[in-house]
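# any chance you could fold what I've pasted below:
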Amino acid sequence: MSTLLSLGTENQVAEAIAELSDQNFYACYQCGKCTAACPFSLGPQAVTRFLQLGQAEKALALDTPWDCAGCYTCLAVCPKGVNPARINRALKTLPNVYKDPTYKSLEPYYRAHKKGLREWLLANNHRLARLGSATAPFSNWFLNFPLGRLVAHYFLGIHKARSLPAFARPSFPEWFHRHTPQGNGDRSTVLLFHDTFMDYNVPQVGIAATELLEKAGFRVELTDSVCCGRPMISLGYLSQAAELARTNIDRLYEHARQGKFIVGCESSCLLTLRDEYVGLVQDPELKEKAKVVAQQCLMIDEFLAMLISRGELELEFRQNQDGQKPLLFHAHCHQKALGSPDKSMELLLMAGYKAEMLDTTCCGMAGAYGYEKEHYEASRIAGERGLFPALRAQPQAEVVVTGVSCYQQIQHFCGRRARHVVEALRDAVA
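As a prediction, this is how the structure comes out:
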């Protein structure tokens, strides 16, 4: 981030927010759709308006910047393409980027919302998950032991009712390097971006993606990547997220330049590479590399749908199985805002499923947001706005998602086990 010489006036603060968020909030004409759609009953419209007026203190005095879950529902509905979630994030993380002593009047707001050990742990989940997987099943017992939950609730601020995601052993990379490829991979090489959750919590998603791509004739290779940085971005550790971005750009650029596709399954992770990296890095050469990487990053449903449009999808699916259950598809918020859930639906229908895409808003989990004890009730209420009633209305239906947060939320509040879209597609291959 370029350093402003002074942030002494609120107008200068507003300019810094515009630069840090990479958003033109003056394009907002206060239609109110973002506020009406917010699943957490926040007011992003008011935040934007105060910044337009150069009144940063009034914006910081609202609950919205601090309680925003970053679900991107606001972006999905904005007719001008403004991302209020990014504006909120920039507003609450300003001192982490711009070290300037001249805006003393804003300091009390940041002191009142100072990050602690919980935020650091959640932001560094990729390190903890690796350790948790290596020590499973002991780690799973420890995390979900009643006394451990109480400690997490009162000392870390993680709600005691929540079950933390179980760690898997062996990890997905361990499975991948031992598995025998299905097919000869004579079409081309596809790079699978294996996110932290895929690696250490839900390896079945990575296994399904690998098998599906191999059955389609591709050679699958794992990316030589580190965490995408989404947890750090969401929790305000932007400098640390930028370091991860630089590492991934350097490691992925040459593959992307050669035209190889980088395919992912976790919406928030893969779309971070495509949507955030160009803004996170400041070196001009690295920015250009980030653009090349972004162009080659596709969700797995986008990749397969692209093959369909070209008449190149070499997969055969079983069709119209007798007694097949209906299937409900809940799309991830980032997929709605930055991707296309219709691609997932196209594939599910092509695979012969009696699929229905739910017209619902955020599930309420939004990354680590639903784990935080002060947001637990807001997380539940967000789910009750549409998703939970829709699932209760069809108790016999199967549920598929494109994000592990949605998976966790549905299991916690509805007692339903959801599968990833890629698992459903792999299981339907003839």
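# where along the stretch 201-350 of the chain do the helices fall?
Taking DSSP state H, counting those that start in this stretch, the helices of the stretch 201-350 of the chain run over residues 203-215, 230-234, 238-257, 267-275, 277-280, 284-295, 300-309, 333-338, 341-350.
# and L307, how far from K343?
L307 sits 11 Å away from K343, taking C-beta to C-beta, to the nearest Å as the criterion. Backbone N, C-alpha and C define where each C-beta goes, glycine included.
# ok, back up a step: would you tell me which of the helices of the stretch 201-350 of the chain gets closest to H153?
Evaluated with C-beta to C-beta, the helices of the stretch 201-350 of the chain place helix 230-234 nearest to H153, the distance being 20.2 Å.
# what is the closest one packed up against?
Applying 3 or more C-beta pairs under 8 Å, 6 or more residues apart in numbering; DSSP states H and E, we find helix 230-234 packed against helix 117-123, helix 238-257, helix 267-275.
# can I get these in a markdown table including mean pLDDT and distance to V205?
What follows is the helices and strands packed on helix 230-234, written out as a markdown table (pLDDT from 0 to 100; distance: least, C-beta to C-beta, whole Å):
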| stretch | mean pLDDT | distance to V205 |
| --- | --- | --- |
| helix 117-123 | 93 | 21 |
| helix 238-257 | 96 | 20 |
| helix 267-275 | 96 | 11 |
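# got CSV for these, with mean neighbour count and distance to G185 too?
Compiled in CSV, the helices and strands packed on helix 230-234 are given as follows (neighbours: other C-beta atoms under 10 Å; distance: least, C-beta to C-beta, whole Å):
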stretch, mean neighbour count, distance to G185
helix 117-123, 18, 37
helix 238-257, 19, 16
helix 267-275, 26, 22
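# tell me which of the ones you listed sits nearest to P39.
Short answer: helix 267-275, nearest of these by C-beta to C-beta, at 15.7 Å.
# thinking again about what came up before, in terms of neighbours, single out the busier of L307 and K343.
K343 (24 against 17; other C-beta atoms under 10 Å).
# nearest to L191, out of the helices of the stretch 201-350 of the chain?
Closest among those, using C-beta to C-beta: helix 238-257, at 5.8 Å.
# hmm, who's touching the closest one?
Outside helix 238-257, the residues that touch it by C-beta atoms under 8 Å, 6 or more residues apart in numbering are 1, 93, 96-97, 123, 191, 223-230, 232-233, 262, 273, 276-277, 280-282, 286, 289-290, 292-293, 295-296.
# next SSE downstream of the worst-scoring helix or strand of the chain on mean pLDDT?
Counting by mean pLDDT, DSSP states H and E, the chain has its least confident helix or strand at helix 10-21, which shows a mean of 81. The helix or strand immediately downstream of helix 10-21 is helix 33-37, counting by DSSP states H and E.
# what packs against that next one?
For helix 33-37, the packing partners by 3+ C-beta pairs under 8 Å, 6+ apart are helix 44-52, helix 73-77.
# quick check: which ranges of the stretch 1-150 of the chain have low pLDDT?
Within the stretch 1-150 of the chain, the stretches with pLDDT under 70 are 1-10, 96-104.
# N184: neighbour count?
9.
# quick revisit: buried among the contacts of helix 238-257? Make that a PyMOL selection.
Remark: buried members of the contacts of helix 238-257, expressed as a PyMOL selection using 16 or more other C-beta atoms under 10 Å:
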select buried, resi 1+93+96+97+123+191+223+225+227+228+229+230+232+233+262+273+276+277+280+281+286+289+290+293+296
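# tell me where the stretch 301-430 of the chain has strands.
Ranges of strands within the stretch 301-430 of the chain are 326-330, 354-357, 398-401, 418-420, based on DSSP state E, counting those that start in this stretch.
# now distance to R169 too, for those, in CSV please.
Listed next are the strands of the stretch 301-430 of the chain as CSV, based on distance: least, C-beta to C-beta, whole Å:
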stretch, distance to R169
strand 326-330, 28
strand 354-357, 33
strand 398-401, 23
strand 418-420, 20
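# just to revisit the earlier point, got a markdown table for the helices and strands packed on helix 230-234, with distance to E312 too?
Formatted as a markdown table, the helices and strands packed on helix 230-234 follow (distance: least, C-beta to C-beta, whole Å):
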| stretch | distance to E312 |
| --- | --- |
| helix 117-123 | 40 |
| helix 238-257 | 20 |
| helix 267-275 | 21 |
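# quick one: closest of those to G81.
helix 267-275 (12.2 Å).
# report the angle between the closest one and helix 284-295.
130 degrees (axes from the mean of the first three to the mean of the last three C-alpha atoms, to 10 degrees).
# contacts for helix 267-275 next, please.
Helix 267-275 is contacted by residues 193, 195-197, 228-230, 233, 248, 252, 262-264, 293-294, 297-299, 332-335, 338-339, 367, 402-403, 405 when judged by C-beta under 8 Å, 6+ apart.
# tabulate the strands of the stretch 301-430 of the chain (CSV), appending mean pLDDT.
CSV is the format used below for those (pLDDT from 0 to 100):
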stretch, mean pLDDT
strand 326-330, 96
strand 354-357, 95
strand 398-401, 96
strand 418-420, 96
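# tell me, how many residues neighbour M365?
For M365, using other C-beta under 10 Å, the count is 27.
# er, R419 I mean
Under the neighbour criterion other C-beta under 10 Å, R419 is assigned a count of 20.
# is it true that it touches E398?
Yes. R419 is within contact range of E398, at 7.1 Å (criterion: C-beta atoms under 8 Å).
# distance check, C227 against L143.
For C227 relative to L143 (C-beta to C-beta), the value is 20 Å.
# and what of A366?
In terms of C-beta to C-beta, A366 sits 21 Å off from L143.
# more neighbours: those two, which one.
Between A366 and L143, A366 has the larger neighbour count (other C-beta under 10 Å), namely 30 against 18.
# many thanks, we can stop here.
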